[in-house]
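> Structural data only, the sequence is not supplied:
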């Protein structure tokens with residue numbers, strides 16, 4: 001078996017093109033890299049380098065070997081990460097979501113069994129989710145569409161409805177509901193990390209202007225402006241929003257378009273079902289109470 005450090009030296013040489021560059025990258029001396037190249041050739045019983053006075057470079061076999069070595073090192077790195085993720089998921093349930101609303105429910109749910117979840121508060125991009133689940137990077141991933149795979153099960157959690165909060169003197173404030181079309185041309189104050197809702201509002205209100213802000217900046221600008229902003233039926237679960245609602249001059253108005261209401265599902269690997277279902281059941285109960 002070829003030692004990993006020899007493969008790392010080969011890949012570094014291929015990347016930087018010189019012994020000096022590879023040595024500097026790996027924190028080794030040039031003689032050490034030279035010894036490594038010769039040892040690798042001896043173990044493979046192949047010539048990988050062309051050596052000339054004051055010059056050394058990879059031959060075609062060496063270039064091929066470097067590409068294969070890079071893939072092996074990456075696979076080894078992935079192997080270590082996946083084993084660690086699997087081990088962590090045996091003692092903890094890790095959760096991620098493509099939208100912040102479900103995370104509000106999760107953070108504010110007390111499970112009678114005392115079981116807790118480790119929550120990633122950064123919304124995941126809506127792509128490669130099945131791969132993340134299969135790799136055990138997360139025990140549960142919350143999505144708007146069930147992930148379809150023979151290794152995966154899904155549980156419906158609840159729905160989230162988008163709400164626009166407009167100044168009390170805005171004509172829309174007197175409406176029971178509005179459409180995305182009604183919101184065209186307006187400027188909205190928006191918290192930066194809203195997951196899939198960002199894509200939805202940009203697609204449904206293409207002629208609007210969205211002023212994306214961090215949470216701290218959002219609160220300050222909201223307090224000193226009349227910009228409309230978005231919340232959902234789940235926002236009151238979050239203590240940060242409850243404080244906003246108590247002293248706000250905005251009027252919440254539901255958005256009636258189908259895209260403004262999204263269903264959410266918890267996706268998990270079948271072997272993990274017994275371990276994750278107590279948490280999922282607790283989230284479902286909390287969600288049902290909020291969405292009455």
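That came through fine. What you see is a predicted model, and the numbers here were worked out from it, not measured in a lab.

> What are the boundaries of the helices in this protein?
Secondary structure of the chain (DSSP state H): helices at 4-16, 19-26, 30-44, 60-91, 100-107, 129-134, 196-204, 215-223, 239-246, 273-290.

> highest average neighbour count across those helices?
Counting by mean count of other Cβ atoms under 10 Å, helix 100-107 has the highest mean neighbour count of the helices of the chain, with a mean of 24. Just so you know, the C-beta spots here come from the backbone N, C-alpha and C atoms, and that holds for glycine as well.

> And that one, what does it pack against?
Counting contacts by 3 or more Cβ pairs under 8 Å, 6 or more residues apart in numbering; DSSP states H and E, helix 100-107 packs against strand 93-97, strand 117-119, strand 152-167, helix 273-290.

> Check those for me: which has the lowest mean pLDDT.
Across these, strand 117-119 has the smallest mean pLDDT, namely a mean of 86.

> give me every residue that touches the residue nearest the centre of the chain.
When Cα atoms, centre = their mean is applied to the chain, the residue found nearest the centroid is residue 124 (2.5 Å). By Cβ atoms under 8 Å, 6 or more residues apart in numbering, the residues touching residue 124 are 96-98, 132, 141, 195.

> Kindly check the end-to-end length of stretch 180-199 for me.
Using Cα to Cα, to the nearest Å, the end-to-end distance of stretch 180-199 comes to 13 Å.

> quick one: contacts of that stretch?
Residues from elsewhere that reach stretch 180-199 (Cβ under 8 Å, 6+ apart): 97-100, 122-124, 126, 144, 162, 164, 172, 175, 201, 204-205, 207-215, 218, 221-222, 225, 227-230, 232, 255, 257, 259-260, 262.

> Could you rerun that using 6 Å?
The contact list for stretch 180-199 (Cβ atoms under 6 Å, 6 or more residues apart in numbering) reads 98-100, 123, 126, 204-205, 207-212, 214-215, 218, 221-222, 227-229, 257.

> so how far is it from its chain's centroid?
Relative to its parent chain, stretch 180-199 has a centroid offset of 20 Å by Cα atoms, centre = their mean, to the nearest Å.

> Pull out the buried positions in it.
Going by neighbour count (16 or more other Cβ atoms under 10 Å), the buried part of stretch 180-199 is 180, 182-183, 186, 188-191, 194-198.

> Equivalent analysis for stretch 151-161, please.
Buried residues in stretch 151-161 (16+ other Cβ under 10 Å): 152-155, 157-161.
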